[in-house]
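**Student:** next come a sequence and a model predicted from it.
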Amino acid sequence: PGGGEGPPPPLRSAQVGFVGPSGGEVTVTSTVLRQGRSMSFVRSECVGREGLAVSALFAFGSARDSTVNGAYVDPPTVPPPDECPSLFSPRFVPPTFTQHFDARLARGEPPGSSANTSDLLLWVRHKGSDRAGIVPAVDNDLALLALADMPPPAIVSRFPLVPPLATTTWHVNFLVDSDAAAAGHAGWWLLRTTAENANEGHSSHDVAVWADDGTRLVATAKQSVAVYRPIDL
């Protein structure tokens, strides 16, 4: 999407609703809702054998001059990735898609540890990415979008065993052009996920993504999660 010839403007925001199951063959459709001079909006839907599975709205925006520029959330201080243990353990059987990532626990308690905190800091990188964090043959927007969705909800640290979970809504903002975000670091990204609450089987989470130089906040997200008991499935 763009207002004329040339490359499309960067992805600035995505709002995603996970409406239903997506098993079996799926069909994905996209519609340009508006294509302006500086902002464009695209709606995408994924339909599976049981109906609508995912509904998403993407906002693309060109860069513009501004007298105020800066990141105002200080990055946390954590050990480097090679000094941190793996996030994955026998107590946390991760979802299948996490096989595409390396993840190290930089601070916080691991999933399924009956902790009294719900604040996780993780070093994460795509398997197969280069030292700039770029995944060959994958668009940088898609790679960063997948990365921001990788961390488990921090509420799982409070459980003795990780319960079944499902994201219901997810809103992510890209704070810099993903092409710029992917340059100049060693392939690792620092992610923070914090549970704000847990109530009546639902939990709200904040997520932040920094490049590994510790100075660039590149994405933030808000996630709503349904927490199930096995008998609810």
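**Tutor:** In hand now; what should we look at? Residues are numbered from 1 along each chain as shown.
**Student:** residue contacts, the residue nearest to the spatial centre of the chain?
**Tutor:** The centroid of the chain falls nearest to A148 when counting by C-alpha atoms, centre = their mean (1.9 Å). Applying C-beta atoms under 8 Å, 6 or more residues apart in numbering to A148 gives the contacts V172, L191, V207, V209, A219, A221. For the C-beta atoms, the positions are set from N, CA and C on the backbone; glycine is no exception.
**Student:** again, 10 Å this time
**Tutor:** A148 sits next to 14, 124, 170, 172-174, 189, 191, 193, 207-209, 218-221, 223 when contact means C-beta atoms under 10 Å, 6 or more residues apart in numbering.
**Student:** among these, which are in strands?
**Tutor:** 14, 124, 170, 172-174, 189, 191, 193, 207-209, 218-221, 223 (DSSP state E).
**Student:** quick check: closest non-adjacent residue to S22.
**Tutor:** Excluding the flanking residues, the one nearest S22 by C-beta to C-beta, 6 or more residues apart in numbering is A53, at 3.6 Å.
**Student:** now do the one you found against P21, distance only.
**Tutor:** Here the criterion is C-beta to C-beta, to the nearest Å. By it, A53 lies 6 Å from P21.
**Student:** who has more neighbours out of those two?
**Tutor:** A53 (21 against 12; other C-beta atoms under 10 Å).
**Student:** give me the sheet partners of the strand or helix carrying the more buried one and which way each runs.
**Tutor:** In the assignment (DSSP states H and E), A53 maps to strand 51-61. The strands beside strand 51-61 in its sheet (DSSP bridges) come out as strand 11-18 (antiparallel), strand 39-48 (antiparallel).
**Student:** of those, which is nearest P76?
**Tutor:** strand 11-18 (24.0 Å; C-beta to C-beta).
**Student:** just the CA atoms of the closest one, as CSV, please.
**Tutor:** This file holds the C-alpha atoms of strand 11-18, laid out as CSV (Å, rounded to 0.1, in the frame of the first residue of the first chain):
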residue,chain,number,x,y,z
LEU,A,11,4.2,-0.9,8.7
ARG,A,12,3.4,1.2,11.7
SER,A,13,0.7,-0.7,13.6
ALA,A,14,-1.3,-4.0,13.5
GLN,A,15,-4.5,-4.9,15.4
VAL,A,16,-5.3,-8.6,15.4
GLY,A,17,-8.3,-10.4,16.7
PHE,A,18,-8.1,-14.2,17.0
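**Student:** can you pull out the helices in this structure?
**Tutor:** In the chain, helices defined by DSSP state H lie at 140-148, 178-181, listed in chain order.
**Student:** can I get these in JSON lines including mean pLDDT and distance to G112?
**Tutor:** Below are the helices of the chain laid out as JSON lines (pLDDT from 0 to 100; distance: least, C-beta to C-beta, whole Å):
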{"stretch": "helix 140-148", "mean pLDDT": "87", "distance to G112": "23"}
{"stretch": "helix 178-181", "mean pLDDT": "67", "distance to G112": "32"}
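**Student:** Throw those into TSV and include distance to P94, thanks.
**Tutor:** Listed next are the helices of the chain as TSV, based on distance: least, C-beta to C-beta, whole Å:
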stretch	distance to P94
helix 140-148	14
helix 178-181	24
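**Student:** contacts only, for C84.
**Tutor:** V78, A103, R104, L105, A106, R107, L121, L122, W123, W188.
**Student:** restricted to strands, list those residues.
**Tutor:** A103, R104, L105, A106, R107, L121, L122, W123.
**Student:** can you tell me how far the residue nearest to the fifth one when sequence neighbours are not counted is from A198?
**Tutor:** The reference is to R107. Distances taken as C-beta to C-beta, 6+ apart place L121 nearest to R107, at 4.1 Å, with adjacent residues excluded. Distance, L121 to A198, by C-beta to C-beta: 19 Å.
**Student:** this completes my enquiry, with thanks.
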